[in-house]
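A.B. asks: Quick one: sequence plus predicted model below, questions after.
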Amino acid sequence: MLAFKGFQKGLICRGYKFKRNGINETEEANCRKNGFHCAENPLDCLYHYSDWKNSVYYQVEALGDLDETDGDSQISCTKMRIIKEVSLLELLIEGAAFMVKYPDRKWSCEVFHEQAEATDGYAVVRGKNPTAAGKKNAILLLLKEEPDSSQIAEVTVLVIDGERYFPDVWYNIYGFAEESEGKAA
């Protein structure tokens, strides 16, 4: 099963140093107890490894015995193969792809409804008219749902660069500035 995993730099998780090549193996896989943990929803990695400036994220293959939790998309496995490193931007885009593919699954706690201001460098907003704002270099991921369903109709990624998109300005799915009156501060 393909999934995503956060690590401390150096491919370390809970004191275990993962091998970049080959298969990493452990004895048991029980979510919240033991095994190698990863997440089907890439955005759930940001909950477990929220300090993205000091973490690294990888696409992985969960193998062997698998145990899944019902709290989020966390998986525990007895074997794991590291596939490739993904940047924060790539992780957010993979998270968008997950929501497009599975629109009715439980939302990651990293996703806001209708509006959010980027904290810690990014904001993921989903809804009928999503809007977001952020400081310079923040990544805004906006997902617009169909009017009559939870299906994702459009996805936009904006990077607050100070040239095309400006800090502290609220943007909609089309990259247009929204009136700031009534928006959260």
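C.D. replies: Structure's in. What do you need?

A.B. asks: Which is the succeeding secondary structure element to the longest helix anywhere in the chain?
C.D. replies: Using DSSP state H to define each element, the chain has its longest helix at helix 88-101. Sequence order places strand 111-117 as the next helix or strand after helix 88-101, per DSSP states H and E.

A.B. asks: Outline the domain layout of this structure.
C.D. replies: 2-88, 110-185 (automatic domain parsing).

A.B. asks: How about the contacts made by the most centrally placed residue in the chain?
C.D. replies: Centroid check for the chain by Cα atoms, centre = their mean gives residue 43 as the closest residue, at 2.0 Å. Contact analysis of residue 43 by Cβ atoms under 8 Å, 6 or more residues apart in numbering lists 91, 92, 95, 98, 108, 110, 111, 124. No exception for glycine: its C-beta is placed from N, CA and C like everyone else's.

A.B. asks: Repeat that for residue 24.
C.D. replies: 16, 18, 36, 79, 80, 81, 82.

A.B. asks: And it, how far from residue 16?
C.D. replies: 8 Å (Cβ to Cβ, to the nearest Å).

A.B. asks: Need the pLDDT of the residue nearest to residue 10 when sequence neighbours are not counted.
C.D. replies: Using Cβ to Cβ, 6 or more residues apart in numbering and skipping the chain neighbours, the partner closest in space to residue 10 is residue 17 (6.8 Å). Looking at residue 17, its pLDDT stands at 95.

A.B. asks: burial count for residue 17?
C.D. replies: Residue 17: 12 surrounding residues under other Cβ atoms under 10 Å.

A.B. asks: got it, and residue 105?
C.D. replies: 14.

A.B. asks: Do a quick rundown of the strands in this structure.
C.D. replies: Taking DSSP state E as the criterion, the chain contains strands spanning 2-8, 12-13, 16-17, 23-25, 36-39, 55-68, 74-86, 111-117, 122-133, 139-145, 152-159.

A.B. asks: hang on, the earlier thing: I'd like the domains of the chain laid out as a markdown table, including distance to residue 102.
C.D. replies: A markdown table is the format used below for the domains of the chain (distance: least, Cβ to Cβ, whole Å):
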| stretch | distance to residue 102 |
| --- | --- |
| domain 2-88 | 8 |
| domain 110-185 | 10 |
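
A.B. asks: Pass me the low-pLDDT residue ranges in the chain, would you?
C.D. replies: For the chain, the stretches flagged by pLDDT under 70 are 32, 70-71, 179-185.

A.B. asks: All set now, cheers.
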